[in-house]
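Q: sequence first, predicted model second:
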Amino acid sequence: MMITLVRKISSFTYLNVTQFLGALNDNIYKLLIVYFFITLEGIENSHFILATTGAVFVLPFLLFSASSGVLADRFSKRNIIVLTKILELITMTLGVVFFHFESIFGSYLVLFLLATQSAIFGPSKYGIVPELVSSDKISKANGLMTSFTFLAIILGTFLASFILDVSGRHFILAAMMCTLVALVGLVTSFCIEYTPPSGSLQRFNIFFVREIYSTLKFTSTLPSVLMAVFGSAFFLFLGAFVQLNMIPFSVQSLHLTDVQGGYLFLLTAVGIGSGAIIAGKISGKYVELGIVPVAGVGVVVSCYLLDLFSDQLFAVIPLVTLLGMFGGMYEIPLDSYIQVVTPKKNRGQVVAATNFLSFFGVLCASGMLYLIEMLGFKADKGFTIVGTITLGITILVGYQFFDYLTRFVGSILSRLHFQTTYTGLENIPSSPVIYVCSHTAWNDMLLMLGAQRRRMRFLIEQEQDHSKWMKRMYRLLRVVLIPAIEPLEKSQVCLNAIRSTLEKGISVCIFVRNDDICEEIEKLKHSYSFRVLLEETHYPMLPVAIQKGEKNSNSRFFTRLLKKLWVPAALSFGSPIQGSLPMPIRTLSDDEAIDPDSYENPEFA
């Protein structure tokens, strides 16, 4: 019966439990080391202790991330996970011994070994997810794993503080509990199903920095992956600084003890877990990169407000929670996108390169904390400094992910402004497409952005006059205006814009003022230049009929206002057309999950 129960539980669940227990041990022991050294050396040295322990913990990630990525690509990820759990059990046993002898060097050694097994574990942990779950569940799986990771941070932070509180700082008892947790993690790792090697023949390279550079160079050939890698790495810098800065901040600004400061970080971890779940819910079956810049703005505002209200505990409590929540919403789409778009045989190396940059960020966070102290700034000013850095990164990410951001914001505005019904959604292909729609008003763009999950560019027939705000909006959305004196099918500027947009994996929407869409499509089909474009790009045209509800001027004021704010609309998608014949392509059902950029990934092509 026990064996039957074990088999009924999915391998992903065992993976999640295994990584949860590992993260729990990491966070308990890191805090135990900090409290241990503060007990020996005094609270006045907290900045130096936090910076030093942070640097020691991050060093293995810098040294072994590239090698661990090669391991994950060459060997079974499940077997690597089991081996790291064995190393964790040995390490935690040594932790008990060195706490007994009150050995500072031994405690640093255990921290280094603990980080080493985590560095080896990381690429296999994230790389095995697409092998255990289907592609449409990757965002949800990542959200769940991140939630459990930060649940582990919450419990680890709480248990480290709580056990020392109730036991009178009995470090040996706490270390024995870590050993027990490591033993349970080893047992659950054996329950993960075996996964075969991915087939990579990549060799180990002692010049790991060159290896990291080669991997990053490879990611630059994939759409938006390089920025996703750097964005994900920045999140760990941000999280590490907030965690390290929380104890000095609590002591200096809120006049709490170091252990009470550890309790305060619980709220940040709760927020991160909540944000991860929210990001997973918003993304659904897709990867929604448009969330990232929005969440970045939330992080910036939260950091500035923490400095402003640094001496008010009742303001700090919700602010650190919000800071964590926006951080979780920022991270999940980036990690999911990296996993989905990266080819299977390179996934471990890309995750390893991300880990290397991430933990270089942790090292920078330790250095920045120490520098802030050396320059005489208090911990509350540290939040303003990191908020300003985040602002610059958010602007850069927003620029890079602008198409995703406009699609995300446009879909939200579409849901707020329209009560929309759709027909023919099954006709939308998984590849980019050229939509041809009748154009009645500027908010037609919102309807199209809300109707599908792919990035989109618009071509609109030149109207006689535009207001200033409309011109600015068109420029912001990179709208191409079709010249009034030259039809679309003869405009080389427009044809080149359509071609380059499709080659980037972005759909094109052509708005025409002709109410007869079929007539307009016939003109395009029989145009030699446009027919050549369709044949070279291999992407279909799709007619779209847009209808909006009538406004009743005789109705009451409130009813008129409601109709103006929430307009009934209907979108009907016709059959895909390639050249002069319907194109036989695979279509999507309403509940089928395809990542919006999956066609760009050879694995999901």
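A: Done, it's in.

Q: mind listing the strands for the stretch 201-350 of the chain?
A: Ranges of strands in the stretch 201-350 of the chain, per DSSP state E, counting those that start in this stretch: none exist.

Q: and His439, how far is that from Ser366?
A: Distance of His439 to Ser366, computed by C-beta to C-beta, to the nearest Å: 55 Å. Yep, even glycine has a C-beta here, placed from its N, CA and C like the rest.

Q: whoops, Thr501 was the one
A: For Thr501, the distance to Ser366 - C-beta to C-beta - is 44 Å.

Q: ok, now Thr157?
A: Distance of Thr157 to Ser366, computed by C-beta to C-beta: 18 Å.

Q: neighbour count for the two, which is higher?
A: Thr157 (26 against 23; other C-beta atoms under 10 Å).

Q: residues contacting that one?
A: Listed by C-beta atoms under 8 Å, 6 or more residues apart in numbering, the contact set of Thr157 reads Asn27, Leu31, Gly262, Tyr263, Phe265, Leu266, Ala269.

Q: widest-spaced pair of these?
A: Asn27 and Tyr263 (13.3 Å; C-beta to C-beta).

Q: so the two - more neighbours on which side?
A: Shown here are Asn27 and Tyr263; by other C-beta under 10 Å, Asn27 has more neighbours (25 against 17).

Q: so where is this structure shaky, pLDDT-wise?
A: Applying pLDDT under 70 to the chain flags residues 1-8, 139, 150, 199-207, 440, 462-467, 484, 514-516, 549-565, 578-605.

Q: all the strands of it, residue numbers only.
A: Here the chain has its strands, by DSSP state E, at 418-423, 434-438, 456-461, 480-482, 507-512, 541-548, 567-573, 577-578, 581-582.

Q: can you put those in CSV and add distance to Val181?
A: Shown next, in CSV, are the strands of the chain (distance: least, C-beta to C-beta, whole Å):
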stretch, distance to Val181
strand 418-423, 50
strand 434-438, 54
strand 456-461, 48
strand 480-482, 58
strand 507-512, 49
strand 541-548, 55
strand 567-573, 53
strand 577-578, 58
strand 581-582, 60
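
Q: with mean neighbour count and distance to Leu405 added, can I get these in a markdown table?
A: Output for the strands of the chain, formatted as a markdown table (neighbours: other C-beta atoms under 10 Å; distance: least, C-beta to C-beta, whole Å):
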| stretch | mean neighbour count | distance to Leu405 |
| --- | --- | --- |
| strand 418-423 | 15 | 20 |
| strand 434-438 | 23 | 20 |
| strand 456-461 | 21 | 12 |
| strand 480-482 | 19 | 19 |
| strand 507-512 | 23 | 16 |
| strand 541-548 | 19 | 23 |
| strand 567-573 | 18 | 22 |
| strand 577-578 | 20 | 31 |
| strand 581-582 | 10 | 34 |
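
Q: which one of those lies closest to Ala175?
A: That would be strand 456-461 among the strands of the chain, by C-beta to C-beta, at 55.6 Å.

Q: beta partners for the spatially closest residue to Val436 that is not a sequence neighbour?
A: Nearest non-adjacent residue to Val436, counting by C-beta to C-beta, 6 or more residues apart in numbering: Ile510, 5.0 Å away. Ile510 forms beta bridges with Val436, Leu459, as assigned by DSSP bridges.

Q: isn't Ile510 right next to Cys437, touching?
A: Yes: shown here, Ile510 and Cys437 form a contact pair, counting by C-beta atoms under 8 Å, at 7.1 Å.

Q: and for Lys255, the neighbour number?
A: Actually, residue 255 is His. It isn't Lys. His255 has 10 nearby residues by other C-beta under 10 Å.

Q: residues contacting Lys281?
A: By C-beta under 8 Å, 6+ apart, the contact list for Lys281 reads Gly143.

Q: enumerate every residue touching Leu111.
A: Per C-beta under 8 Å, 6+ apart, neighbours of Leu111: Tyr29, Lys30, Ile33, Thr53, Val56, Phe57.

Q: so the second one touches Thr53, yeah?
A: Yes: under the criterion of C-beta under 8 Å, Lys30 makes contact with Thr53 at 6.7 Å.

Q: which two of the contacts of Leu111 have the greatest separation?
A: Tyr29 and Val56 (11.8 Å).

Q: between those two, which is the more surrounded one?
A: Tyr29 (26 against 18).

Q: thinking that one is in contact with Tyr108, fair?
A: No: counting by C-beta under 8 Å, Tyr29 stays clear of Tyr108, with 11.6 Å between them.

Q: ok, the contacts of Leu111 vs Phe402, which is closest?
A: Among the contacts of Leu111, Phe57 lies closest to Phe402 (C-beta to C-beta), at 36.1 Å.

Q: what's the neighbour count on that closest one?
A: Per other C-beta under 10 Å, the neighbour tally for Phe57 reads 25.

Q: number the residues from 567 up from this point.
A: Got it, first residue is 567 now, which makes that one Phe623.

Q: who are the neighbours in contact with it?
A: Phe623 neighbours (C-beta under 8 Å, 6+ apart): Lys596, Leu677, Phe678, Leu680, Ala681, Val928.

Q: let me have those in a markdown table, extended by distance to Val791.
A: Below are the contacts of Phe623 laid out as a markdown table (distance: C-beta to C-beta, whole Å):
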| residue | distance to Val791 |
| --- | --- |
| Lys596 | 30 |
| Leu677 | 32 |
| Phe678 | 31 |
| Leu680 | 30 |
| Ala681 | 26 |
| Val928 | 22 |
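
Q: Phe967: which of these is nearest?
A: After measuring the contacts of Phe623 against Phe967 - C-beta to C-beta - the closest member comes out as Val928, at 24.0 Å.

Q: next up, the contacts around that closest one.
A: Here Val928 is in contact with Gly620, Phe623, Val624, Phe627, Leu802, Phe803, Ala806 (C-beta under 8 Å, 6+ apart).

Q: could you do Thr954 as well?
A: Taking C-beta under 8 Å, 6+ apart as the definition, Thr954 has no contacts.

Q: and the gap between the residue nearest to Ala589 when sequence neighbours are not counted and Val867?
A: Spatial nearest neighbour of Ala589, chain neighbours left out: Ala718 (3.7 Å); criterion: C-beta to C-beta, 6+ apart. The gap separating Ala718 from Val867 is 27 Å, by C-beta to C-beta.

Q: what about those two, which has more around it?
A: A count of neighbours by other C-beta under 10 Å puts Ala718 above the other of Ala718 and Val867, at 23 against 17.

Q: ok, back up a step: quick one, which of the strands of the chain is nearest to Gly709?
A: With C-beta to C-beta as the criterion, Gly709 lies closest to strand 1022-1027 of the strands of the chain, at 25.6 Å.
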